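Undergrad: Curious how this folds, go ahead:
(one chain, ligands or ions: 1)
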Amino acid sequence: MKKLADMNHPFYEVMNNVKLLPLYTVKDLSVLPLAEEILFNNGVPVIEVAYRSKLATEAIRILAKSGRIHVGAGTVRTLEQAKDAVEAGASFVVSPCIVPEVIEYCIEKDIPVFPGAVTPSEIQSLITNYGINVVKFFPADVYGGLKAMKALSGPFPDVRFVPTGGINGENFLDYVSEDIIVAAGGSFILTEDGIKKDGTGVWANENLASVVRSL
Ligand code: 3PG
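TA: You can find the predicted model right below:
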């Protein structure tokens, strides 16, 4: 019988407690220790390193070796990226869509995987094929945001969401205050540019501190 996802994996509880999933694109590895520090110090010990730059695997390796925060891979669209990420130490994988070989590989390795699904059929296929009932909802603002996820909860009361896309400092609280939301993801939490703004990370730290304070 096909192995299904372990939805009791402790990482789901981590996400549910932290409520935030920082999506971070690495263009400059030298900023990484500061990013790690800012997340750790603000009680957000999670980072999704996006496969939107060539430095993703290396950044995952560095953060996993340090071991201070949970490091995962984002924007994973190929099996090769998933393997690179997991071999470098990624402990979770996020994908904008349903890529069967990525999902199967993650389940085999007991790595929580968050595939993107926005339609009833996509959501049902994740449940039927993989036992996955926590899905990424992307791009959240375009696909109807909270209103759409609440409507989906009617027929799918067992499903919870990790929305990303268009979530920002103004609207993230609307999302995370709903039970159907495990965590809100996005680049509003921390970016390399934000850290570089003043060269010291003070602005980025204060920005994240104020996000966390309002949770
Ligand atoms: C994602 O891939 O999750 C989104 O692109 C994040 O969107 P944002 O940059 O609007 O937060």
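Undergrad: So which residues of the protein form strands?
TA: 20-24, 46-50, 70-74, 93-94, 113-114, 134-137, 160-163, 184-186 (DSSP state E).
Undergrad: what does the chain have sitting close to the ligand?
TA: Within the chain, the positions near the ligand by CB under 6 Å from any ligand atom are 23, 75, 96, 138, 164-167, 185-188. Placement of C-beta: from N, CA and C, glycine included.
Undergrad: Would you point out the most distant pair within these?
TA: Greatest spatial distance among these (CB to CB): P96 and F188, at 17.3 Å.
Undergrad: Of the two, which one has the most company?
TA: F188 (22 against 17; other CB atoms under 10 Å).
Undergrad: How about that one, nearest residue that isn't a chain neighbour?
TA: The shortest distance from F188 to any non-neighbouring residue, by CB to CB, 6 or more residues apart in numbering, is to N168 (4.6 Å).
Undergrad: What of H70?
TA: V46 (4.7 Å).
Undergrad: Was I right to think the one you found contacts L21?
TA: Yes: counting by CB atoms under 8 Å, V46 touches L21, with 6.2 Å between them.
Undergrad: intersection of neighbour lists for the two?
TA: Among the neighbours of V46, those also in contact with L21 (CB atoms under 8 Å, 6 or more residues apart in numbering) are M15.
Undergrad: between these two, who's got more neighbours?
TA: Legend: neighbour count by other CB under 10 Å for V46 and L21, higher for L21 (28 against 24).
Undergrad: if I pick the more buried one, what's in contact with it?
TA: 15, 46, 48, 94, 162, 164, 183-186, 189.
Undergrad: Repeat that for V44.
TA: By CB under 8 Å, 6+ apart, the residues touching V44 are 18, 20, 22, 69, 189, 208, 212.
Undergrad: burial of the residue nearest to the last one when sequence neighbours are not counted, as a residue count?
TA: With sequence-adjacent residues excluded and distances taken as CB to CB, 6+ apart, V212 is closest to N42, at 5.1 Å. Residues near N42, counting by other CB under 10 Å, number 21.
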